[in-house]
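S.K.: My questions are about this predicted structure, shown below with the sequence.
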Amino acid sequence: MTAGLVGLRLIQAHAGRLFTDHGYDAVTVADVAKAAGVSSMTVYRNFPTKGDLVLIDQPAQLIAEHVAASSATQPLVRRIGSALIDAATASTSGNGDEQAADERFLLDCLRLMVSTPALRPRHLDSQYALQQAIVEALGKDAADPDAAFRAEARERHR
């Protein structure tokens, strides 16, 4: 992880802790900057809105690529679930304490996004974009389940 990325993660970790401890609406960007030992301008330069500190956009393209690369014979839940797990694992690619801290941060962010009214609309937009990327990846499967169903139905009714 680069020094810049470590610094951003540190700012996000402080934001997540403050938001969890005091509530999203009660914490200002200045509070986050002070806790992280940086200026408010540094926070805003890297996170244009307060919500950006905790909004974790799933890497939709990466997940869609994993889904597309998986076997069409696997159950959908396994294909999608494995892609989501792979993406989460890639975003917590530390070891020991670092990985545990990353996992806690992701869970805290998810809780905040779901429980904080100000964050919900953008979180839902992100989830919709992820859903669309997965649907597109599944649409590229060579096997058309509707065609297979129609063919089987024709055979049974002969």
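M.R.: Noted; the coordinates are in hand.
S.K.: and the nearest residue to Glu136 once chain neighbours are set aside, how many residues sit next to it?
M.R.: Excluding the flanking residues, the one nearest Glu136 by CB to CB, 6 or more residues apart in numbering is Ala64, at 6.5 Å. Quick note: C-beta positions are derived from backbone N, CA and C, even for glycine. Residues lying near Ala64 (other CB atoms under 10 Å) number 20.
S.K.: tell me which element Ala64 is part of?
M.R.: Per DSSP states H and E, Ala64 falls inside helix 60-69.
S.K.: how about the following helix or strand past that helix: buried residues?
M.R.: Using DSSP H and E, the next helix or strand after helix 60-69 towards the C-terminus is helix 76-91. Neighbour-count burial for helix 76-91 flags Arg79, Ile80, Ala83, Leu84, Asp86, Ala87, Ala88 (criterion: 16 or more other CB atoms under 10 Å).
S.K.: From Pro121, how far out is the fourth one?
M.R.: Right, the one you point to is Leu84. 22 Å (CB to CB, to the nearest Å).
S.K.: returning to that earlier point: isn't the residue nearest to Glu136 up against Ile134?
M.R.: Yes: contact status for Ala64 versus Ile134: in contact at 5.9 Å, counting by CB atoms under 8 Å.
S.K.: wait, Val32 sits on Val54?
M.R.: No: Val32 lies out of contact with Val54 (CB under 8 Å); the separation is 10.2 Å.
S.K.: which neighbours do the two share?
M.R.: Shared contacts of Val32 and Val54 (CB atoms under 8 Å, 6 or more residues apart in numbering): Ala15.
S.K.: Ala33 and Pro121: what is the separation?
M.R.: With CB to CB as the criterion, Ala33 and Pro121 are 25 Å apart.
S.K.: Tell me which of the two has more neighbours.
M.R.: Taking other CB under 10 Å, Ala33 and Pro121 do not tie; Ala33 has more neighbours (19 against 10).
S.K.: Fine by me, thanks again.
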